[in-house]
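J.: Here's my sequence, what's the structure:
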Amino acid sequence: MKPRIYASAAYVISRLLSAAVTVAHLCSPPTSPPCSPASLPSYPFSSTPGCGHPSFQIKCSPQHWILSINTFSFAITSHRPNSTSILVTPLPTTTIPQKPPRSPCFSSPHLPSRPINLSHSPFRFPNSLCSRLSVVRPCSRSFAENCAVCRWDCQLVHNPVRLMRGCVDGRSREDSEEQGCKEDVFDYLESFLKAGFEIEWDEEGDSYFDNCRACERDNGVCGFNYSDPQKQFLCFQSISRRPLLQNHKQKSSNLVVLLSTLFVCACVLLVIASVTLIWRCRAVNSSNKSLDQEEDPTMMFLYRHRSANLLPPVFTFEELESSTNRFDPRRKIGDGGFGSVFLGQFRDGRVVAVKKLHARTTTTTTTKSFCNEILILSSIDHPNLVKLHGYCSDPRGLLLVYDYVPNGSLADHLHGSKGAPCLLQWRQRLEIALQTALAIDYLHFSVKPPVVHRDITSSNIFIDSEMRIKLGDFGLSRLLILSQSESKLSSESSSSCSSSSGFVWTGPQGTPGYLDPEYYRSFRLTEKSDVYSFGVVMFELITGLRAVDHVRREALGDLVVSRIQMGLLRQVVDPALLVGDDGGKVSMAVDAVAELAFRCVAADKDDRPDAKEVVAELQRIKSRINNTV
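T.: Numbering: from 1, shown residues only. Presented below is the predicted three-dimensional model:
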């Protein structure tokens, strides 16, 4: 009981001290320019993930703020507050590699090799911009002889308005003659882009702006959530700021009064805590048995298996209820069979994900799963695993507090709202596979006893704003702690087949399409069951298809395996991966990953590679791609 009393006193004191400090909101404007010398463009632009408008996210470079639209990146060269337009110039990095030295085609790092496309975004080209380009014409048509080879260059020379997709050629003969011709159209267009051009957006056609205006009227801060396409808008609770005092004398006197008050309160609280501690210790000595009976059985289970100082912090139900605005349905960012996930915001500005188990599912099995996830996540630490910040065991509900990952899951990117038009490129998919394999390798080989995740799916692989993955949802995970009989069977199996791993007897659990069929038949859970599930995830990355889909008769694993065996892998490869495949580098890498995934989903677990082998092979594939660039 002693640690609880001291903790309570320390908590109250810390809350009093924190009242004297002004805490900035996660989405509040920074106190100093983060991208000097450029100032941060005003709303709806934001450089903080999850804040502002999802289509107006910008990043900092040494000279400019960078705005990405589809596959193009633009430097913001000018912006005006309360305006619905900005001046931008394309960055050279958006162009394709230079053409061969003897090519007759024009090549410049400042002139895009394809039309600038703003479709599927709130942005558009103003009519004045289209009009400027539509009257440009060449003085000579000598370039026509290269049109068979340099089609894009030919289109630009004869119709420069094609540079901006969506612009209509509205020129007339009189307009073109009045404007005059250009000796070098390419030089003109290059200068035109370097000088910058205006793009605009329409707030009236976007419900996000209406919601944001209502949020700001309630003194809120606008944000967004990628995880649920139906509820992307989020309104954060604003944190009130103390008014600035007008003169140094008044500020100093207020500070003295505040510190004196805090000191007196701290002394009083310490006295109260000491008296309470003595009283509680006597009460414990006289009625230890009755107090033990009143303990929360969930907490008792956790304390029996782990020292209290090794467990994550305990939150009160009221704290988590307040952070989620009483579990407001508008703050729900995910839903599953066992519980719902809500966006939470603490008073200090921290944003977290709060998982609340459904009341109807709070059975013995669910409680064990709840405790299991706490015990496992409190004993592991890896950059590619989700972090548990704390938990709450209360008669009103079981809750877990995790990192908030605003960029959604891998399933969102492959199959959901994030799947178009921003498709994951092959290098990104390969990096996601490698990082996931590193997380599995850590669970199987660095943790003692090993941890089998048991539910590795694209929905449980979360992606942060930097495209790094976090493997989450450890509710079904198991430690491979073998009983004597299991250990004997495992050693006998190992003597006959050296690649065989240990196992535990347990009823099959997992997600259809990812569940190891051998585990399903034999009830023997091994690390190779995770390898099978990861093989299906690699098939998803290669094909862009769901593991199970009602429009198909076969699960994805069976579908791809049959195509590989017939030599027809290309029939199921995501076509977007092979667009612009220079020299077949992507095709070779896709084939190598498909072969690795094929081994991972082998019917016999002993034919599957372990996680270390998977990591090594993916690293070799990544290295080969990097060395051929």
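
J.: mind listing what the nearest residue to residue 479 once chain neighbours are set aside touches?
T.: Nearest residue to residue 479 in three dimensions, chain neighbours excluded: residue 449, at 4.9 Å (CB to CB, 6 or more residues apart in numbering). Bear in mind the C-beta positions are built from the backbone N, C-alpha and C, glycine included. Residues near residue 449 by CB atoms under 8 Å, 6 or more residues apart in numbering: 479, 480, 481.

J.: Phi, psi for residue 352 please.
T.: Per-residue torsions, residue 352: phi -140, psi 170 (degrees, to the nearest 10).

J.: Hmm, residue 405 and it touching each other?
T.: No. Assessed by CB atoms under 8 Å, residue 352 is found out of contact with residue 405, at 10.5 Å.

J.: Can you give me the buried ones in whichever strand or helix holds residue 564?
T.: Element membership for residue 564 (DSSP states H and E) is helix 556-565. By neighbour count on 16 or more other CB atoms under 10 Å, the buried set for helix 556-565 is 556, 557, 559, 560, 561, 563, 564.

J.: any residues touching the very next helix or strand once past that helix, and which ones?
T.: Proceeding N to C from helix 556-565, the next assigned helix or strand is helix 585-600, under DSSP H and E. Here helix 585-600 makes contact (CB under 8 Å, 6+ apart) with 426, 430, 433, 531-532, 534-536, 538-539, 541-542, 560-561, 564, 569, 573, 577-578, 581, 607-609, 614, 617-618, 621, 624-625, 628-629.

J.: Using PDB, list the CA coordinates for helix 585-600.
T.: Presented in PDB, the C-alpha positions along helix 585-600 are these (Å, rounded to 0.1, in the frame of the first residue of the first chain):
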ATOM      1  CA  LYS A 585      14.500  -4.500 -61.800                       C
ATOM      2  CA  VAL A 586      11.100  -4.400 -60.100                       C
ATOM      3  CA  SER A 587      10.000  -7.600 -61.800                       C
ATOM      4  CA  MET A 588      13.000  -9.500 -60.600                       C
ATOM      5  CA  ALA A 589      12.500  -8.200 -57.000                       C
ATOM      6  CA  VAL A 590       8.800  -9.100 -57.100                       C
ATOM      7  CA  ASP A 591       9.700 -12.600 -58.300                       C
ATOM      8  CA  ALA A 592      12.200 -13.000 -55.500                       C
ATOM      9  CA  VAL A 593       9.700 -11.900 -52.800                       C
ATOM     10  CA  ALA A 594       7.000 -14.100 -54.300                       C
ATOM     11  CA  GLU A 595       9.400 -17.100 -54.100                       C
ATOM     12  CA  LEU A 596      10.200 -16.200 -50.400                       C
ATOM     13  CA  ALA A 597       6.400 -15.900 -49.600                       C
ATOM     14  CA  PHE A 598       5.800 -19.300 -51.400                       C
ATOM     15  CA  ARG A 599       8.300 -20.900 -49.000                       C
ATOM     16  CA  CYS A 600       6.700 -19.200 -46.000                       C
END
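
J.: Please identify the buried residues of it?
T.: For helix 585-600, a neighbour-count test (16+ other CB under 10 Å) marks 586, 587, 589, 590, 591, 592, 593, 594, 596, 597, 598, 600 as buried.

J.: Wait, a strand at the residue nearest to residue 479?
T.: No. Under DSSP: H, G, I helix; E, B strand; the rest coil, residue 449 falls outside any strand and is assigned coil.

J.: now the helices for the stretch 401-550 of the chain?
T.: 410-415, 426-441, 484-496, 517-522, 527-543 (DSSP state H, counting those that start in this stretch).

J.: can you list those helices in TSV and add mean pLDDT and mean neighbour count?
T.: Output for those, formatted as TSV (pLDDT from 0 to 100; neighbours: other CB atoms under 10 Å):
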stretch	mean pLDDT	mean neighbour count
helix 410-415	92	22
helix 426-441	97	22
helix 484-496	45	12
helix 517-522	94	16
helix 527-543	97	26
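
J.: possible to save those helices as a markdown table with distance to residue 308?
T.: Shown next, in a markdown table, are the helices of the stretch 401-550 of the chain (distance: least, CB to CB, whole Å):
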| stretch | distance to residue 308 |
| --- | --- |
| helix 410-415 | 36 |
| helix 426-441 | 28 |
| helix 484-496 | 30 |
| helix 517-522 | 35 |
| helix 527-543 | 31 |
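
J.: Residue 205 is nearest to which of the ones you listed?
T.: Evaluated over the helices of the stretch 401-550 of the chain, closeness to residue 205 peaks at helix 410-415, with 24.5 Å, by CB to CB.

J.: Can you give the distance of that closest one from its chain's centre?
T.: Helix 410-415 sits 11 Å away from the centroid of its parent chain (CA atoms, centre = their mean, to the nearest Å).

J.: Report the residue ranges of every domain in the protein.
T.: 1-23+240-294, 61-95+105-202, 295-403, 410-628 (automatic domain parsing).

J.: what about the ones you listed, which gets the closest to residue 220?
T.: Here domain 295-403 is closest among these (CB to CB), at 10.9 Å.

J.: centre of the chain versus that closest one, how much separation?
T.: Worked out by CA atoms, centre = their mean, domain 295-403 lies 20 Å from the chain centre.

J.: Please apply the same query to stretch 602-611.
T.: 30 Å.

J.: buried stuff in it?
T.: Buried, per 16+ other CB under 10 Å, within stretch 602-611: 602, 605, 608, 609, 610, 611.

J.: now do stretch 348-358
T.: 351, 352, 353, 354, 355, 356, 357.

J.: Quick one: mean pLDDT over it.
T.: Average pLDDT, stretch 348-358: 90.

J.: For it, give me every contacting residue.
T.: Under CB under 8 Å, 6+ apart, the answer for stretch 348-358 is 18, 23-26, 50, 236, 239, 320, 323-324, 327, 333-334, 338-346, 366, 370, 389, 397-405.

J.: Okay, and which of these map to helices?
T.: 18, 320, 323, 366, 370 (DSSP state H).

J.: I'd like the residues you listed written out as TSV, with distance to residue 161, pLDDT and neighbour count added.
T.: TSV is the format used below for those (distance: CB to CB, whole Å; pLDDT from 0 to 100; neighbours: other CB atoms under 10 Å):
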residue	distance to residue 161	pLDDT	neighbour count
18	59	43	11
320	56	96	24
323	52	95	23
366	62	73	17
370	61	84	24
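
J.: between those, which is closest to residue 279?
T.: The shortest approach to residue 279 among the ones in helices among the contacts of stretch 348-358 belongs to residue 18, at 28.2 Å (CB to CB).

J.: Residue 624: what secondary structure?
T.: Of the three states, residue 624 takes helix under three-state DSSP.

J.: Tell me which of the helices of the stretch 401-550 of the chain lies nearest to residue 119.
T.: For the helices of the stretch 401-550 of the chain, the distance to residue 119 is smallest for helix 410-415, at 19.6 Å, taking CB to CB.

J.: Could you count how many residues lie near residue 325?
T.: Residue 325 has 16 neighbouring residues, counting by other CB atoms under 10 Å.

J.: surely it meets residue 235?
T.: No. Here residue 325 does not reach residue 235: they are 9.4 Å apart, not a contact under CB under 8 Å.
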